[in-house]
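Participant: below are the sequence and a predicted model; questions follow.
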Amino acid sequence: MHENSRIRKTSPRDFKKLNKMSLKDGGVNARDQYSFRQSHDARIPYALGHADKSIKMPEERFTYGQQTRPQTPFKGIISGNYGTEAARDITMRYDYQKELVSGFLVTWLFSVQAAKDADTGSKCDPHDPRADGHGRVR
């Protein structure tokens, strides 16, 4: 008689399969299922050479799930480095915004003055750096 080479007697019993087989056979209580499992056998199939395969472990740096955050540098917090750095960044932003606004206002004022001068035809100082050589403001 030929025996399936994938199933070994040392393979663990498949209780899930045995319970399903018992229910199909009509055993609905615990005593009937117990006697069915004693008289029938079902094993979890394993391929030959399954035990010979080596277990591959992940790398040492590998993490399951989300990685943890780096430690909080308490020395920098206690010494106040982060507060001074934040204050410096805020003042730099304010200075930059002042330069942008003042540059915009100066340009806007020059353009308004030039429009007024062009409308009135007024002359300006020929030594004015804004003069175009004909006595008019650029």
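Facilitator: Ah, there it is. Residues are numbered from 1 along each chain as shown.
Participant: let me see the ranges of the strands in this structure.
Facilitator: Secondary structure of the chain (DSSP state E): no strands located.
Participant: centre-most residue in it?
Facilitator: Nearest to the geometric centre of the chain sits Q66, at 9.2 Å (CA atoms, centre = their mean).
Participant: how about the contacts made by that one?
Facilitator: Q66 makes contact with no residue, according to CB atoms under 8 Å, 6 or more residues apart in numbering. For every residue, glycine as well, the C-beta is placed using N, CA and C.
Participant: let me know the pLDDT of it.
Facilitator: Looking at Q66, its pLDDT reads 83.
Participant: next one: the one 4 residues further on
Facilitator: Model confidence at P70, given as pLDDT, is 80.
Participant: what do you get for I78?
Facilitator: What the model reports as pLDDT for I78 is 82.
Participant: any idea how far S111 is from it?
Facilitator: For I78, the distance to S111 under the criterion CB to CB, to the nearest Å works out to 53 Å.
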